[in-house]
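> need a 3D model of the sequence below.
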Amino acid sequence: MAEHPSALKRHRQSEKRRLRNQAIRTHLRHLVRVVRAAIVARDAERAADTLLRAARALDKAVTKGVLHRNTAARKIARLARAVHELGATGAPRPAA
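Numbering: from 1, shown residues only. As a prediction, this is how the structure comes out:
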């Protein structure tokens, strides 16, 4: 264990950040699971709605330094593509 006061402080800070980041990542995984569940259920409206919430949370995690920007971009792109394909093959759209 560290003995120097500044090292002790850095340890306390890193532990707080680790716990906060862990909670954020857990919440992100939950949001992504909700989007994927809506996709599997073929519910295009719910999938699109939850995708917006998940994308916003992923972008915010990037801003906070929890995720790398490319990781978040990749996750958002894959989810968005799946939701888009669901809309194209989901329920028939009304004629315009």
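> tell me who's in contact with residue 28.
Applying C-beta atoms under 8 Å, 6 or more residues apart in numbering to residue 28 gives the contacts 54, 57, 58, 61, 66, 67. Any C-beta I mention is one placed from the backbone N, CA and C, and that applies to glycine too.
> can you redo those as CSV with pLDDT?
CSV is the format used below for these (pLDDT from 0 to 100):
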residue, pLDDT
54, 98
57, 98
58, 98
61, 98
66, 98
67, 98
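> which two of the residues you listed have the greatest separation?
By the measure C-beta to C-beta, 54 and 66 form the most distant pair in those, at 14.1 Å.
> which of the contacts of residue 28 fall within strands?
Of those, none are assigned to strands by DSSP state E.
> quick one: which of those is nearest to residue 46?
residue 54 (12.0 Å).
> quick check: closest non-adjacent residue to that closest one.
If the residues on either side of it in the chain are set aside, residue 54 comes closest to residue 31, at 4.1 Å by C-beta to C-beta, 6 or more residues apart in numbering.
> picking that back up, which of residue 54 and residue 66 has more residues huddled nearby?
residue 54 (22 against 19; other C-beta atoms under 10 Å).
> tell me which stretches of this protein form strands.
Counting by DSSP E, one finds no strands in the chain.
> any stretches of it with poor pLDDT?
88-96 (pLDDT under 70).
> how does it look with 80?
Applying pLDDT under 80 to the chain flags residues 1, 88-96.
> can you give me the offset of the longest helix along the chain from its chain's centre?
Taking DSSP state H as the criterion, the chain has its longest helix at helix 5-40. Distance of helix 5-40 from the chain centroid (C-alpha atoms, centre = their mean, to the nearest Å) equals 11 Å.
> now that helix: buried residues?
For helix 5-40, the neighbour count (16 or more other C-beta atoms under 10 Å) marks 24, 28, 31, 32, 34, 35, 36, 38, 39 as buried.
> would you mind measuring from the third one to residue 21?
Taking C-beta to C-beta, to the nearest Å as the measure, residue 31 falls 16 Å from residue 21.
> having no further points to raise, I will conclude here.
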